[in-house]
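Asker: turn this into a model:
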Amino acid sequence: MKKLTRVMCVEDDPDIRLLIEMSLAIVGQLDVLCCASGSQALASVTAFAPELVLLDVMMPGLSGPETLCALRQLPAMQGVPVVFMTAKAMPAEVEQLLLHGATGLIVKPFDPMTLARDLQPFWEHGRGSS
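Answerer: This next block holds a predicted model:
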């Protein structure tokens, strides 16, 4: 079974961004590119070619849903799974986020020891539907 190897993380909070990067790179042994904003992600995504994007919902500038919409305009990002990360996990909010075309949702606070493993099913599901 093929494993997820390249993840782009988009998170505006520097502490959470560092925690995600350490969790995915050190614990998960993944190749990770972390971006501090949606616009930084859009500028870097084509060159990095992620297999999955982990995307914060509430960010200044481009929000997570706005970033997702912009990513979907790029041909290279058409079939790449995007997983939102948010502290707001009420059923109506989750449904709205999934309607934006996200593959799934990780709730903050997340477990840094299992984050990479938790992303694998979203990646497998996203690849299967593309």
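
Asker: ok, L4 - how many residues close by?
Answerer: Around L4 there are 23 other residues, counting by other C-beta atoms under 10 Å. The C-beta positions use only the backbone N, C-alpha and C, and glycine is treated the same way.

Asker: enumerate every residue touching it.
Answerer: The neighbourhood of L4, defined by C-beta atoms under 8 Å, 6 or more residues apart in numbering, consists of 30, 51-52, 116, 119-120, 123.

Asker: dump these to TSV, plus secondary structure, pLDDT and distance to E66.
Answerer: Shown next, in TSV, are these (DSSP: H, G, I helix; E, B strand; the rest coil; pLDDT from 0 to 100; distance: C-beta to C-beta, whole Å):
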residue	secondary structure	pLDDT	distance to E66
L30	coil	98	25
E51	coil	97	22
L52	strand	97	19
A116	helix	96	26
L119	helix	96	22
Q120	helix	95	27
W123	helix	93	23
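
Asker: next, the most centrally placed residue in the chain: secondary structure please.
Answerer: When the chain is reduced to its mean C-alpha position, the closest residue under C-alpha atoms, centre = their mean turns out to be L54, at 1.0 Å. For L54, the reduced secondary structure class is strand; criterion used: DSSP: H, G, I helix; E, B strand; the rest coil.

Asker: can you tell me how far V94 is from K108?
Answerer: Going from V94 to K108 by C-beta to C-beta, to the nearest Å gives 13 Å.

Asker: more neighbours: which of those two?
Answerer: For V94 versus K108, the count of surrounding residues by other C-beta under 10 Å is larger for V94: 17 against 14.

Asker: the contacts of L4: which two are farthest apart?
Answerer: Across the contacts of L4, no pair lies farther apart than E51 and A116, at 12.2 Å, counting by C-beta to C-beta.
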